[in-house]
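Below: sequence and its predicted model.
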Amino acid sequence: MSVNVSVRLGRSGSEVLGLPISALLGESVAHRLAAVLPLVPETVRQLGVLDVGGGPWAGVVHSADGLLILELEEVGRNESGSADRVYPELQPVVQELEAAVDAADVSAIVAREVRRISGFDRVLIYRFDEVWNGTVIAEARNERLPSYLDLRFPASDVPAQARELYRLNRLRLIPNAAYDPVPLLPSDNPLTGRPLDLSLSTLRSVSPVHVEYMKNMETPASMSISIVQDGRLWGLISCHHAEPRHVSPNIRVTCDFLGQIAAMQLGAKVRMAEAAQRVERQAIQARLLTHMAAVERFTDGLADQPEDLLALTQAAGAAIVTEETIYRVGTTPSEGTIRNLIGWLDEAQPHDEVFATEALGTVYTGADDLVATGSGVIAISISQIHRSYILWFRPEVERTVRWGGDPRKPVSGGSNDLRLHPRKSFETWKETVRLHAAPWSDAEVAAAASLRSAIISIVMRRAEELAELTQELQRSNKELEAFSYSVSHDLRAPFRHIVGYAELLKSTAGDTLDVRSHRYVETIIESALSAGKLVDDLLSFSQMGRTTLMPMGVDMNRLLDEVLRMLRPEMEGRQIAWTISRELAPAWGDPSMLRQVVQNLLSNALKYTRGEDGVRISVWSEQRPKETVYRVSDNGVGFEMAYVDKLFGVFQRLHRIEEFEGTGIGLANVRRIVERHGGWVHAEGAVGQGAVFSFGLPVRPGTEA
Amino acid sequence: MTGLAPILLVEDNPKDLELTLEALERSQLANQVVTARDGAEALAWLLREGEHEQRPGGDPAVVLLDLKLPKIDGLEVLERIKKDESLRHVPVVMLTASREERDLIRSYALGVNAFVVKPVAFDQFFKAIQELGMFWAILNEPHPPRPRGQPMTVIKA
């Protein structure tokens, strides 16, 4: 019995103790009690308004320490609420809550409605995270109390014991923090000899710590309602008033009811939001995959979709890291910092799992530069061979908080010195989350993992396709090789035989042949020879595409000398003015192939100047930073620029065969050789004025100027 | 018998055989020419195996070896000759229809003494055979060319 019971009933304590309830409070109260008794043991039961001594009293009963504890609170006559008064108040709210789109919306409505019903100056909705740190996610207030919206408080502010209490006993009211505590009589539980466990009591005193906290907040009156979802304390509806304030039990019940509706709605909204996010994430991943599959390098596909890449894990920044490049999106650490991080990940972390941390600094010593942008990191390795990664970053969470009462701003007044104050809570919270980013949810980590496996399957598929293609190429290359090998052996032979037997015929029957027959034999020989030459040229052209390049430094002056020596028969009896640079730049290439190029160009120059007067042929070179260019010019018959594209094609001829002999393979061979060296060929000319042929060869790799 | 070591000509194609013999004939070499039509026959003759067990004469002055041959191809014949203690000193000239690089490389790796791509033009072919014959057959066994009008002896292996 609290001491004030005897005061109210006008009897002394010793008179009251030992009396049956019926004798003390009347038969009707005793009956109500008896009716709820079987339901009492576990929870707190509301008894509704009881008539005690001719006045209305709200009764609450629960059991503790083997005792039944009955709490009675006087209610004003016009406050005696009942369902028919509460319902009209709540019905539109319930509808509004149903229509709310998300948890934030629900919280805002509940804060507003609790404030409207209870009349508190400020109503806050706190939400606990997985590790019981709290955030004020909604607020309804007037100007009498400051805003705490977005305030963070550490788990230590509401310790586990208190949370358990809040879970079981959903509503607490402190009408005036400056109240005088009323002692119990007797002070100890007579059954246990120890102080009575008043955990579930509604009217009990609160802890001096809490009183101090309220005093420091300058809120003498407070009420808090637990939002319990699926048996877990989801959050609190916390009401404060600048002055002492009593709230009648029926209003409290109404607010509690609102809290429970809110809990159900929040559960539904959270589940809905999760489902929606799951769907959205799948859509994002599908979009990313589509883009990755459409481009040659899948990393380009990712880089094309920066928003989706970030949204996949709700990150503030992301980076696509390959051996050569780092592509960054959003807010990320610098490239150098990322490279260092990759080095560490590559060394210290398994490659086939998702690396995810909300506090990189706790595992990685080089994290100092990353705090601001990358306290939280998800990393996936996307290649077994190369250091290729995709990273997502989240900044230190403190940096993302916008609290009106931000302690980083200078404040007037001495509230910063108070031991217990929301500012201190914020400070403490900041300490606990220092170097931490907002944690990655399981779904976000799973999304990264799923992207990784998608990428790997893309890469694997590419590799398989490539292997297949290579195999096919090898096969067709082999076939081609076998074909050309047999052509080279078998196709040449008949021409050789034709020429051979025609020659034999000529020598054995030459004397008896008339002039015409003689010409026939000559034509047979000539045709077979040119067919043989064609086969030889074709074979060497096909060989050029197959044989391996053996690049080395080539002295082009010497090479040119050799070629000129070889071509001497073609120059016999001709007057040619040569202008040959004695300082031709050295080339990087396969010497025997380059010899063919030079020989072809020079022999063309000789061929197409034949029969002309004042023939001039020049050879010179030009050293550029990344390539060496060689040119051969002549003042021969030239060609029409309109046909320049045909010049380098196989079997393309710009002149009739009786004008200039040739198989039409020479320049095709030149182009093929030069292009196999990674270079280019070019021709310029005008009819009757000659031609300039140029080719450029890349300088030796690594020696680019 | 002239006492000169013979030339072993290994050639499967009858036209090539005839043209080569004609070229050799025109070269006025005194050497006897032994012809073999595939690699197995050539090896049997060289190694005195089977029906050639009792063949007269010693090793040839030179083997003119076609590359593509039935049964045992030219490269393998070359390999067997160059790996045989008693035969490896016999000069082998590859006479081939093509200038395939890999054949060239392989032949030299196996120890061929010369590699000649049969030219399409007969005069060149003739010249090549003549030079080959002169070089390998004459320098190995210096002997005045046999007088004109005397037919070259050709026997089948």
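Nice, thanks for sending it over. Residues are numbered from 1 along each chain as shown, chains lettered A, B, ... in the order given.

For the closest residue to chain B within the stretch 501-650 of chain A, identify the helix or strand it belongs to.
Taking C-beta to the nearest C-beta, chain B has its nearest neighbour within the stretch 501-650 of chain A at A:Gly532, 3.3 Å off. Backbone N, C-alpha and C define where each C-beta goes, glycine included. If you go by DSSP states H and E, A:Gly532 is part of helix A:515-546.

So for A:Leu435, what's the nearest residue that isn't a sequence neighbour?
A:Gly361 (4.3 Å; C-beta to C-beta, 6 or more residues apart in numbering or on different chains).

Need the phi and psi values for the one you found.
Backbone geometry at A:Gly361, expressed as degrees, to the nearest 10, gives phi -60, psi -20.

Please apply the same query to A:Lys478.
phi -60, psi -40.

Name the residues of chain B found near chain A, please.
By C-beta under 8 Å from any C-beta of the partner chain, the part of chain B that sits against chain A consists of B:13, B:15-16, B:19, B:22, B:67-68, B:96-101, B:118-123, B:125.

one more time with 6 Å
B:Lys15, B:Leu19, B:Lys68, B:Ala97, B:Ser98, B:Glu100, B:Lys118, B:Val120, B:Ala121, B:Phe122 (C-beta under 6 Å from any C-beta of the partner chain).

now the strands for chain B?
For chain B, the strands defined by DSSP state E cover B:7-10, B:33-36, B:62-66, B:92-96, B:114-117, B:154-156.

JSON lines please, covering those strands and showing distance to A:Trp680.
What follows is the strands of chain B, written out as JSON lines (distance: least, C-beta to C-beta, whole Å):
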{"stretch": "strand B:7-10", "distance to A:Trp680": "47"}
{"stretch": "strand B:33-36", "distance to A:Trp680": "52"}
{"stretch": "strand B:62-66", "distance to A:Trp680": "42"}
{"stretch": "strand B:92-96", "distance to A:Trp680": "36"}
{"stretch": "strand B:114-117", "distance to A:Trp680": "33"}
{"stretch": "strand B:154-156", "distance to A:Trp680": "57"}
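
Turn these into JSON lines, columns for mean neighbour count.
Listed next are the strands of chain B as JSON lines, based on neighbours: other C-beta atoms under 10 Å in any protein chain shown:
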{"stretch": "strand B:7-10", "mean neighbour count": "26"}
{"stretch": "strand B:33-36", "mean neighbour count": "22"}
{"stretch": "strand B:62-66", "mean neighbour count": "27"}
{"stretch": "strand B:92-96", "mean neighbour count": "24"}
{"stretch": "strand B:114-117", "mean neighbour count": "18"}
{"stretch": "strand B:154-156", "mean neighbour count": "12"}
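
A:Thr508: which of those strands is closest?
strand B:154-156 (18.4 Å; C-beta to C-beta).

show me where pLDDT drops low in chain A?
Applying pLDDT under 70 to chain A flags residues A:39-42, A:77-85, A:367, A:399-423, A:657, A:705.

Domain map for it?
If you go by automatic domain parsing, the domain ranges for chain A are A:3-78, A:81-177+A:219-274, A:295-464, A:491-546, A:552-698.

and B:Phe135, which of those domains is closest to it?
Proximity to B:Phe135, assessed across the domains of chain A by C-beta to C-beta, is greatest for domain A:491-546 (21.7 Å).

circling back: generate a ChimeraX selection restricted to the buried entries among the residues of chain B next to chain A.
Buried members of the residues of chain B next to chain A, defined by 16 or more other C-beta atoms under 10 Å in any protein chain shown, are picked up in ChimeraX with:
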select /B:19,68,97,98,100,118,120,121,122
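
Distance to B:Leu43 and pLDDT for the residues of chain B next to chain A - can I get that in JSON lines?
Below are these laid out as JSON lines (distance: C-beta to C-beta, whole Å; pLDDT from 0 to 100):
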{"residue": "B:Lys15", "distance to B:Leu43": "24", "pLDDT": "89"}
{"residue": "B:Leu19", "distance to B:Leu43": "24", "pLDDT": "88"}
{"residue": "B:Lys68", "distance to B:Leu43": "16", "pLDDT": "84"}
{"residue": "B:Ala97", "distance to B:Leu43": "21", "pLDDT": "79"}
{"residue": "B:Ser98", "distance to B:Leu43": "23", "pLDDT": "74"}
{"residue": "B:Glu100", "distance to B:Leu43": "23", "pLDDT": "75"}
{"residue": "B:Lys118", "distance to B:Leu43": "22", "pLDDT": "85"}
{"residue": "B:Val120", "distance to B:Leu43": "30", "pLDDT": "81"}
{"residue": "B:Ala121", "distance to B:Leu43": "32", "pLDDT": "84"}
{"residue": "B:Phe122", "distance to B:Leu43": "30", "pLDDT": "83"}
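
In chain B, which residue is most central in space?
Nearest to the mean C-alpha position of chain B, by C-alpha atoms, centre = their mean, lies B:Leu64 at 2.1 Å.

Who are the contact partners of it?
B:Leu9, B:Val93, B:Leu95 (C-beta atoms under 6 Å, 6 or more residues apart in numbering or on different chains).

Bridged to the last one, which residues?
Beta-bridge partners recorded for B:Leu95 (DSSP bridges): B:Asp66, B:Val116.

Show me what counts as buried in the longest helix along chain B.
If each helix of chain B is counted by residues according to DSSP state H, the longest one is helix B:14-26. Judged by neighbour count using 16+ other C-beta under 10 Å, the buried positions of helix B:14-26 are B:Asp16, B:Leu17, B:Leu19, B:Thr20, B:Leu21, B:Glu22, B:Ala23, B:Leu24.

Among those, pick out the one closest to A:Val487, please.
B:Asp16 (17.0 Å).

would you list the domains of chain A in CSV and tack on mean neighbour count?
Compiled in CSV, these are given as follows (neighbours: other C-beta under 10 Å):
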stretch, mean neighbour count
domain A:3-78, 15
domain A:81-177+A:219-274, 19
domain A:295-464, 17
domain A:491-546, 16
domain A:552-698, 17
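
So for the residue nearest to the centre of chain B, what's the pLDDT?
Per-residue confidence at B:Leu64 stands at 92 (pLDDT).

do B:Glu79 as well
The model reports B:Glu79 with a pLDDT of 93.

cool, the one 4 residues further on as well?
Confidence at B:Lys83, expressed as pLDDT, is 91.

Report the contact partners of it.
By C-beta under 6 Å, 6+ apart, B:Lys83 has no neighbours at all.

center of chain A - which residue?
Closest to where the C-alpha atoms of chain A average out (C-alpha atoms, centre = their mean) is A:Leu309, at 4.1 Å.

mind checking the SS state of that one?
helix (DSSP: H, G, I helix; E, B strand; the rest coil).

Now it. Nearest residue, chain neighbours left out?
Here the residue nearest A:Leu309, using C-beta to C-beta, 6+ apart, is A:Ala318, at 4.9 Å.

Surely the one you found forms part of a strand?
Yes - the assignment for A:Ala318 (three-state DSSP) places it in a strand.

does it have beta-bridge partners, and which?
A:Ala318 has the following beta-bridge partners by DSSP bridges: A:Val329, A:Trp392.

from what I can see it touches A:Arg328, true?
No - using C-beta atoms under 6 Å, A:Ala318 is not in contact with A:Arg328; the gap is 7.4 Å.

how long is stretch B:49-59 end to end?
End-to-end distance of stretch B:49-59: 13 Å, with C-alpha to C-alpha, to the nearest Å as the criterion.

ok, now how distant is the residue nearest to the centre of chain A from chain B?
According to C-beta to the nearest C-beta, to the nearest Å, A:Leu309 stands 52 Å off from chain B.

That residue and A:Gly317 touch, don't they?
No - using C-beta under 6 Å, A:Leu309 makes no contact with A:Gly317, being 9.8 Å away.
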